[in-house]
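Engineer: any chance you could fold what I've pasted below:
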Amino acid sequence: MAHMENYNILLLGILVIIVTIVVQMMVASISKARQPGAIPGKIDADLSHGSFVFRANRTFGNSVENAPGILGAGFLAIFAAADPFWAGLWVWIYALSRLAHMALYYGIATEQNPSPRSYFFLLALIANVALLIQAGLSLI
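Structural biologist: Numbers count the residues shown, from 1 in each chain. Here you go, the predicted structure:
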C-alpha cells in the first residue's frame, strides 16, 4: 500500500467536501431559523426555488445525499492503493464542482431544467463514478 502522505491531496479534498457540507448546514439552519414563526424541522411546503430558505435547505440536502458516494470511494481508493494523483484529482473535481453547484443554487432562483447548477452536479457525479471505478480496478 502506498504511504498515506501520498494521499494528502485526496484527504485535503475530502476536508473541503466536509467543510462545505458543514457550512451548508449552518446556512440552511440560520436562514430557516430567521423566518417568522419558524418551526424546527419543518419547512413550509409552499416554498420553492424563489425562496433562499428552500434553496439553502435543498443545497444542504443534495450535498448530504451525494457525500456517502464520494467519501466511500475516496477511502476505498486509499485502502485499495489507487494511484494517488488520479484519486486526488477526482476528489478535487468533485469538491470544486459541489462548490460551484452550491454557489449557483444559492444565487440563481430557477425552476428551469436543466438549471446551470445541473452541469456541476453532473461533473461531480462523473468524478465520483471515475473514482469508484479507479478504486475498484485497484482491487483487482
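Engineer: only C-alpha atoms for contact and neighbour calcs from this point on.
Structural biologist: OK.
Engineer: and the strands in the chain, which stretches?
Structural biologist: Counting by DSSP state E, one finds no strands in the chain.
Engineer: let me know the outermost residue of it.
Structural biologist: Here the chain reaches farthest from its C-alpha mean at Gly37, the gap being 30.0 Å by C-alpha atoms, centre = their mean.
Engineer: state the mean pLDDT of the helix ranked longest in the chain.
Structural biologist: Longest helix of the chain, by residue count under DSSP state H: helix 52-79. The predicted model assigns helix 52-79 a mean pLDDT of 96.
Engineer: which residues touch stretch 10-19?
Structural biologist: The contact list for stretch 10-19, computed with C-alpha atoms under 8 Å, 6 or more residues apart in numbering, reads Ala67, Leu71, Gly74, Pro84, Ala87, Gly88, Leu89, Val91, Trp92, Ala95, Arg98.
Engineer: can you do 10 Å?
Structural biologist: 4-5, 7-9, 20-25, 63-64, 67, 70-71, 74-75, 77-78, 84-96, 98-99 (C-alpha atoms under 10 Å, 6 or more residues apart in numbering).
Engineer: show the buried residues in those residues.
Structural biologist: Buried members of the contacts of stretch 10-19, scored by 16 or more other C-alpha atoms under 10 Å, are 7, 9, 20-21, 24-25, 63-64, 67, 70-71, 74-75, 77-78, 84, 87-96, 98-99.
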